[in-house]
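# Structural data only, the sequence is not supplied:
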């Protein structure tokens, strides 16, 4: 019991650090999901590495890019 009481402040400190970490990771996860950053990163990587790719791959990357742009509300508008 004496040892527990002596180590309790360190235990509380570590518990607070874990709580901060969980809060931070939760907020980062929310932002990644909100801004669709995984999908954006996938499109970005695909475009960067599609050099010399065949037409089907480039068409797929273009479709992904359009989908991401549309999801941000910058969709293509018709002239007229």
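Happy to help now that I have it. Keep in mind the model is a prediction, meaning the values are calculated, not measured. Numbers count the residues shown, from 1 in each chain.

# going forward, measure contacts and count neighbours with C-alpha atoms only.
Fine.

# quick one: low-confidence parts of this protein?
For the chain, residues meeting the criterion pLDDT under 70 lie at 51, 74-80.

# Quick check, central residue of it?
Central residue of the chain (CA atoms, centre = their mean): residue 32, 3.1 Å from the mean position.

# Helix, strand, or coil at it?
Secondary structure state of residue 32, per DSSP: H, G, I helix; E, B strand; the rest coil, is helix.

# any idea how far residue 43 is from it?
15 Å (CA to CA, to the nearest Å).

# Over to residue 12?
Per CA to CA, residue 12 is found 43 Å from residue 43.

# How about residue 72?
Separation of residue 72 from residue 43 (CA to CA): 14 Å.

# Pick out whichever of the two has more residues nearby.
Shown here are residue 72 and residue 43; by other CA atoms under 10 Å, residue 43 has more neighbours (21 against 10).

# list the buried ones in the helix or strand hosting that one?
Taking DSSP states H and E as the definition, residue 43 sits inside helix 37-49. Using 16 or more other CA atoms under 10 Å as the test for burial, helix 37-49 gives 39, 40, 43, 46, 47.

# Among those, which one sits closest to residue 7?
Using CA to CA, residue 39 comes nearest to residue 7 of the buried residues of helix 37-49, at 45.4 Å.

# Can you get me a residue count around the residue nearest to the closest one when sequence neighbours are not counted?
Of all residues not flanking residue 39 in the chain, residue 68 sits nearest, at 7.4 Å (CA to CA, 6 or more residues apart in numbering). For residue 68, the number of neighbouring residues by other CA under 10 Å comes to 19.
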